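Engineer: Quick check, what structure comes out for this input:
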Amino acid sequence: MAALVVDVNPGRYRLTMANITGGKWPTTAARTRLVTTRLWDGRCGHCGTQLISNEFSRKPPVIEVDHFVPRSHAGIDHPGNYVAACHECNHARSNDPVRDPNVIARMTEIADFVRSDGFEEFVRQSMGLDQAINDGVLMVAVRCVEHGWHLEDSPQAVRCFEESTRALPLKYQNDEWWSRFGHRSAEVLATVNEYLRAANLNSQEHFHIWGGLHLDLPRYATSPDTAASTLDAMIRRGRDTLQSAPSWFVYGRLPLGASNDSRVRSRSMTLDVAKAFEFWKDHGVTSKELLRFWMQNHCPTHLLADYPDAVRLIHRTGVRKHIQALSKYVELPRLDRFRAFESYLVECSRTHSGDHADGGV
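Structural biologist: Presented below is the predicted three-dimensional model:
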């Protein structure tokens, strides 16, 4: 793990991480708040008050960085000693030791994470979110049936995901299933399998479209309690009769000043596309522009893998031309948009096959 170097000037503390590509990476006090807020899952470590702005809270309190061990007791400026706090908790505590066992347990968990190899990438990702802007950060919050939401990749989110999905087959260990069913994920899967057996249904036959049941059911069921009835409705009446559940993620904003949210959203999408491209470029998707368009319209990226001939044709005949053709569907409702995009890929696959049949390249 890279060494953490701290300038403990109390007026303007600066955290730098050595051995990152490009040399040392200094952070401002605002960026220190960013890393600390992500470490504490976007909530005050003392009272649990929400510290980011999203659909659950439009006007969160000002974020402050509290020292778990106060400076007056030889506490240091270091992420392993920072607590995200609201103004009231930070000032009410003063220099008293922390006695709340829940805060102590959380601080121990976070300190362990800070000492782990994964913290370097966590800081790198946090800096990337903030690098292109000066005054605000857009974050992804994943809905959680038990806790309301988690900031993506926070230590608490990772722990909740692992605890909720460790008993599931690998294909069900995804954010959508975890977000919708949480710690009852294994119970929901057992209920689904029992339903399929009782109804004498072949799961592969009924849930092939859109990647299978592991992707399909969480898009309609809103909670573990509605999973069985949703499944029954899907089979008896069809998906077209169902209303999609709310998205499994929401955007949240960490206010570092007066922000241009569209610029932040664009930067966040650029990072998401770059990360996804590292995977999809090995699966035939060689255009970031195509991948960005696909992700911006929230279409499942597995469709690009399901229709490799279509992707080859799109790349060969001009990505921008095909994006322009697909753009007429972007205002459709989400389900209709998915179908239109898939139908377009099907048609491209047929064209590609026809070219080969006629001796084309």
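Engineer: low-scoring pLDDT stretches of this structure, where are they?
Structural biologist: In the prediction, the chain carries residues with pLDDT under 70 at positions 1-31, 56-58, 127-137, 201-215, 255-272, 355-361.
Engineer: Can you spell out the domain ranges of the chain, please?
Structural biologist: Domain assignment for the chain by automatic domain parsing gives 4-116, 141-241, 260-357.
Engineer: those strands in the protein, which residues are they?
Structural biologist: Listed from the start of the chain, the chain has strands (DSSP state E) covering 4-7, 14-17, 25-27, 63-67, 82-86, 136-144, 148-151, 249-255.
Engineer: closest to residue 252 out of the domains of the chain?
Structural biologist: domain 4-116 (3.6 Å; CB to CB). Every C-beta, even on glycine, is put in place using the N, C-alpha and C of the backbone.
Engineer: Show me the helices in the stretch 51-200 of the chain, by range?
Structural biologist: Taking DSSP state H, counting those that start in this stretch as the criterion, the stretch 51-200 of the chain carries its helices at 87-93, 101-114, 118-131, 155-165, 175-181, 185-198.
Engineer: out of those, deepest packed?
Structural biologist: Between the helices of the stretch 51-200 of the chain, the one whose residues have the most neighbours on average, counting mean count of other CB atoms under 10 Å, is helix 175-181 (a mean of 23).
Engineer: Just the C-alpha atoms of that helix, please, in CSV.
Structural biologist: Below are the C-alpha coordinates for helix 175-181, written out as CSV (Å, rounded to 0.1, in the frame of the first residue of the first chain):
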residue,chain,number,x,y,z
ASP,A,175,-26.2,-5.1,-7.2
GLU,A,176,-29.8,-5.2,-8.4
TRP,A,177,-30.6,-8.5,-6.5
TRP,A,178,-28.8,-7.2,-3.3
SER,A,179,-30.5,-3.8,-3.5
ARG,A,180,-34.0,-5.2,-3.8
PHE,A,181,-33.8,-8.2,-1.5
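Engineer: Packing partners of that helix?
Structural biologist: Counting by 3 or more CB pairs under 8 Å, 6 or more residues apart in numbering; DSSP states H and E, the packing neighbours recorded for helix 175-181 are strand 136-144, helix 155-165, helix 185-198.
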